[in-house]
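Trainee: after the sequence you'll find the predicted model.
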Amino acid sequence: MREAIAAHQNTNANHARGPRDELTAYLTLPLEEVVDIVAWWEQAFSSGGITSTIRRNSLAPFTFSALQLLKAAYKYGHVSAE
């Protein structure tokens, strides 16, 4: 997870990159180890549904993505509120 967050930060550090560069960067990331893929997808969609409500539907895609990454990092202990 830490590598994914660092890679996301690095790819977003240069906003001048085009969609093709962003896709290439994404495809070169290491695969995430997942034991139960169905549970992982259910959790990903559930978390997104909680973040994107009627009141919060105006979040920019970059902000939404960053918020989802932060929530996952907090949940798995990679960052803390202290």
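Mentor: Right, received. Where do you want to start?
Trainee: just checking, residue 34 touches residue 40?
Mentor: Yes - using Cβ atoms under 8 Å, residue 34 is in contact with residue 40, at 4.8 Å. C-betas here are computed from N, CA, C, even on glycine.
Trainee: now the helix or strand containing residue 26: buried residues?
Mentor: Residue 26 is located in helix 19-27, with elements delineated by DSSP states H and E. Buried residues in helix 19-27, counted by 16 or more other Cβ atoms under 10 Å: residue 25.
Trainee: pLDDT of it, averaged?
Mentor: The average pLDDT for helix 19-27 rounds to 80.
Trainee: low-confidence regions, this protein specifically.
Mentor: Scanning the chain for pLDDT under 70 picks out 1-2, 8-17, 44-45, 54-56.
Trainee: now the helices for it?
Mentor: Taking DSSP state H as the criterion, the chain carries its helices at 2-13, 19-27, 37-51, 61-75.
Trainee: export the ones you listed to a markdown table and tack on distance to residue 82?
Mentor: Output for those, formatted as a markdown table (distance: least, Cβ to Cβ, whole Å):
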| stretch | distance to residue 82 |
| --- | --- |
| helix 2-13 | 18 |
| helix 19-27 | 31 |
| helix 37-51 | 22 |
| helix 61-75 | 11 |
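Trainee: counting contacts, what elements does the helix holding residue 26 pack onto?
Mentor: Contact here means 3 or more Cβ pairs under 8 Å, 6 or more residues apart in numbering; DSSP states H and E; on that basis helix 19-27 packs against helix 2-13.
Trainee: can you count the residues close to residue 31?
Mentor: By other Cβ atoms under 10 Å, the residues close to residue 31 number 5.
Trainee: what's the spacing between it and residue 4?
Mentor: In this structure, residue 31 lies at 10 Å from residue 4, with Cβ to Cβ, to the nearest Å as the measure.
Trainee: same check, this time on residue 50
Mentor: Here residue 50 is placed at a distance of 20 Å from residue 4 (Cβ to Cβ).
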